[in-house]
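Engineer: only the shape, not the letters, is given here:
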Ligand code: NI
């Protein structure tokens, strides 16, 4: 199959204050779409009974999915907690698992949590100006530890990498970042499944 390639340069604006692009529609992930992702399902259901809300948004610019192109955009992760657990993205492996990604934090305070199938965990702080390189074969998830600010990052990865959400949806991450005594703390995920 012939793959369509970009033949022209692009100029796409992402606002440094809110991460939004003025002429594109972001994909929104609602709290109701995060069922089963958080440790405290009882609190999640209580929150949902009061109303749904956006947990994060990200841009998919629809780049041609071939190995010569790059997919990029911003992720905007809003502040909040489900019980003691900070708002986070679902997290994913890439479908082509051996592909890397780069994140650059524009605003906010949080972490990028990474882990591979073998169980190696990487946790990097995300503050404005920090870039984090996600190595090939590592699942990755953003976590917002701020009380009032969104965590905004710019990302770029090989355009044909694809997303595998299912593995994390069914197994979870081995580690979680929760608030303990007012501080972010990394713990073992009691709900993590080995198979
Ligand atoms: Ni990714």
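Structural biologist: Good, I have the coordinates. None of the values given here were measured: they were computed from a predicted structure.
Engineer: so where's the protein shaky on pLDDT?
Structural biologist: 1-3 (pLDDT under 70).
Engineer: need the helices for it, in chain order.
Structural biologist: 41-50, 166-171 (DSSP state H).
Engineer: name the residues that touch the shortest one?
Structural biologist: Spelled out, it's helix 166-171. 36, 37, 90, 91, 92, 93, 139, 141, 192, 193, 194, 195 (C-beta atoms under 8 Å, 6 or more residues apart in numbering). C-beta here means a position set from N, CA and C on the backbone, and glycine is covered the same way.
Engineer: so the fifth one is in contact with residue 138, correct?
Structural biologist: Same thing as residue 92. No: using C-beta atoms under 8 Å as the test, residue 92 is too far from residue 138 to be in contact (10.5 Å).
Engineer: filter the contacts of helix 166-171 down to the buried ones, PyMOL style.
Structural biologist: Entered in PyMOL, the line below selects the buried ones among the contacts of helix 166-171, by 16 or more other C-beta atoms under 10 Å:
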select buried, resi 37+90+91+92+93+139+141
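Engineer: tabulate the contacts of helix 166-171 (CSV), appending distance to residue 45.
Structural biologist: Output for the contacts of helix 166-171, formatted as CSV (distance: C-beta to C-beta, whole Å):
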residue, distance to residue 45
36, 11
37, 13
90, 18
91, 21
92, 24
93, 28
139, 26
141, 22
192, 21
193, 21
194, 26
195, 26
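Engineer: pick out whichever of the contacts of helix 166-171 sits closest to residue 124.
Structural biologist: Nearest to residue 124 among the contacts of helix 166-171, counting by C-beta to C-beta, is residue 141 at 11.4 Å.
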